[in-house]
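Chemist: Sequence and computational prediction follow.
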Amino acid sequence: MDLIKNQYFIGFCINFILVYIFCKIPLMTKSGWISAGILGTILWGCLSWQGWTSVVIYLLFGSLVTKIGFKFKKEQGIAEKRGGRRGPENVWGSAATGVFFAIMTKFNAANLVIFKVGFAASFAAKLADTFGSEIGKRFGKETYLITTLEKVERGTEGGISIEGTLASVLGSIFMAFIMLRLSIISTKYHFIIVIISGFLATLSESIIGAKFQNKYKLSNELVNAIQTSIASVFAIFALILYTYFLN
């Protein structure tokens, strides 16, 4: 118990110092940085430095890819608000599913592998979505509505492009690789499951955007939470099936 408490204390100190040092960098709003500090403390306490590092890499690359072609996207009226800076709603909309699985690792050690795969898949899906959206909006030559394949304007909810779709695959592969290197996941089968789940969830998010987001006035943050949850469910179901047939 003392070790667990120490991990949270260490996480709090490290995150407090880093937020204090880097909060002037325009990657997040002030409240976004505070949320990131809270998120980081929870992750360090639950998954030690490996879980914390994986999400820091996600936040860094997610923020950087948002800046690609930002002037062009702003001129088109499809750029992220606040100059691409992330607020608390962005932090928690993207990370809520992952935080849930991180916390669960402390309550049910028997299913540790399942929870870690769910954690990894949630962030693979979110980085895949960010890569696909931001790169697609800037470099996509033609955008099609995923449900009908009719041509639509850049930035349309549910719109996809070849360039953005390839970027989504790259984002999922990259995040799965980070999770593997940091030993959040540990086998090539976990790696493949996380990649596929992250990408499929991104396609699902586009379908939700096309069919339901405007109709039911769903916020982007809620859709993000749904998307990451879908990725985790996909990954866990695939892992259970794989384990069942292996045995």
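Modeler: It's in. Residues are numbered from 1 along each chain as shown.

Chemist: Give me the buried positions along the helix or strand encompassing Ile178.
Modeler: Taking DSSP states H and E as the criterion, the element that holds Ile178 is helix 162-181. In terms of neighbour count (16 or more other C-beta atoms under 10 Å), helix 162-181 has its buried residues at 163-176, 178-180. For the C-beta atoms, the positions are set from N, CA and C on the backbone; glycine is no exception.

Chemist: Could you list the residues in contact with that helix?
Modeler: 54, 57-58, 61, 120, 123-125, 127-137, 139-142, 185-186, 190-191, 194-196, 198-199, 202 (C-beta atoms under 8 Å, 6 or more residues apart in numbering).

Chemist: give me that answer again for 7 Å
Modeler: 54, 57-58, 120, 123-124, 127-133, 135-136, 139-141, 185, 191, 194-195, 198-199, 202 (C-beta atoms under 7 Å, 6 or more residues apart in numbering).

Chemist: Among these, name the buried ones.
Modeler: By 16+ other C-beta under 10 Å, those give 54, 57-58, 120, 123-124, 127-133, 135-136, 139-140, 185, 191, 194-195, 198-199, 202 as buried.

Chemist: Of the contacts of helix 162-181, which belong to helices?
Modeler: Those of these mapping onto helices are 54, 57-58, 120, 123-124, 127-133, 135-136, 139, 191, 194-195, 198-199, 202, per DSSP state H.

Chemist: what mean pLDDT would you report for the strand or helix carrying Phe101?
Modeler: Assigning secondary structure by DSSP H and E places Phe101 in helix 88-104. Here helix 88-104 scores 92 as its mean pLDDT.

Chemist: Then stretch 121-128?
Modeler: Here the average pLDDT along stretch 121-128 is 97.

Chemist: go on, stretch 61-71?
Modeler: 81.

Chemist: The spatially most central residue of the chain: what's it in contact with?
Modeler: By C-alpha atoms, centre = their mean, the chain has its centre lying nearest to Lys126, at 2.6 Å. The contact partners of Lys126, taken as C-beta under 7 Å, 6+ apart, are 58, 94, 224, 228.
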